[in-house]
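K.L.:
here is the input, now give the coordinates:
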Amino acid sequence: MYELLVLALLMHWPLHAYRIVKIANEIIGPEEQISTGTLSSLLAKLERAGLISPADPGTAPFPGDRPSRVFAITTAGRERFLELMLDTSSHPGTYRRLFHIKALHLEFLALESQLFLVEHYLAHCRQVLRSKQTDAQDERSFTGGSICAHAAQDRAMAA
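P.N.:
Alright, predicted model coming up:
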């Protein structure tokens, strides 16, 4: 998830490492925060893989108020970004949060791919809703059946 987020942010423009952390944490929200240590490790991994590269600080659109490396996405990084955006089978437990990141960066996909992702997410939401409805019906049936059984026993004992 963090790999996609970092690559997505760099699809817009080169960024200072501390700015990546700041924007990423605003996107993922208060429940979860990416630490500078986690980001440093991820940036090193992405750089070793050739997905990002150091960039001239003058290319970053936001002025740096402290010393920090600036990173830009490479051609291989753009390809990896597109691969991650279209992946609908990895990370099923975090699909809602992952789609939130994808939705913010749909502009980098062809219209057909945008529609594919949105339709896939809608199908996922419908499946989750059906599952919750089934669970609720099962719970009502279990609770209702239990109450009826107890009422019948009480009537039998009273007679």
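K.L.:
which stretches of this protein form strands?
P.N.:
According to DSSP state E, the chain carries its strands in the segments 15-16, 52-54, 70-73.
K.L.:
any chance of CSV for the ones you listed, columns mean pLDDT and distance to Glu32?
P.N.:
From N, CA and C alone the C-beta is placed, and that goes for glycine too. As requested, the strands of the chain are exported to CSV (pLDDT from 0 to 100; distance: least, Cβ to Cβ, whole Å):
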stretch, mean pLDDT, distance to Glu32
strand 15-16, 92, 20
strand 52-54, 96, 22
strand 70-73, 95, 22
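K.L.:
deepest-packed of those, please.
P.N.:
Mean neighbours per residue, mean count of other Cβ atoms under 10 Å, is largest over these for strand 15-16, with a mean of 24.
K.L.:
which residues does that strand contact?
P.N.:
Leu9, Ile23, Pro57, Ala60, Phe62, Gly64, Ser68, Arg69, Val70, Phe71 (Cβ atoms under 8 Å, 6 or more residues apart in numbering).
K.L.:
which one of the strands of the chain lies nearest to Glu119?
P.N.:
strand 70-73 (27.1 Å; Cβ to Cβ).
K.L.:
the domain parsing of this protein - what is it?
P.N.:
Here the domain parsing of the chain from automatic domain parsing is 2-109, 110-159.
K.L.:
by mean pLDDT, show me the worst of those.
P.N.:
Note on those: lowest mean pLDDT is at domain 110-159, with a mean of 78.
K.L.:
look up how far His120 lies from the residue nearest the centre of the chain.
P.N.:
Centroid-nearest residue in the chain: Leu98, 1.6 Å away (criterion: Cα atoms, centre = their mean). The gap separating Leu98 from His120 is 12 Å, by Cβ to Cβ, to the nearest Å.
K.L.:
ok, Ile28 next?
P.N.:
Distance of Ile28 to His120, computed by Cβ to Cβ: 21 Å.
K.L.:
about what we covered before: the residue nearest to the centre of the chain reaches Thr88, doesn't it?
P.N.:
No - Leu98 is beyond contact range of Thr88, at 9.4 Å (criterion: Cβ atoms under 8 Å).
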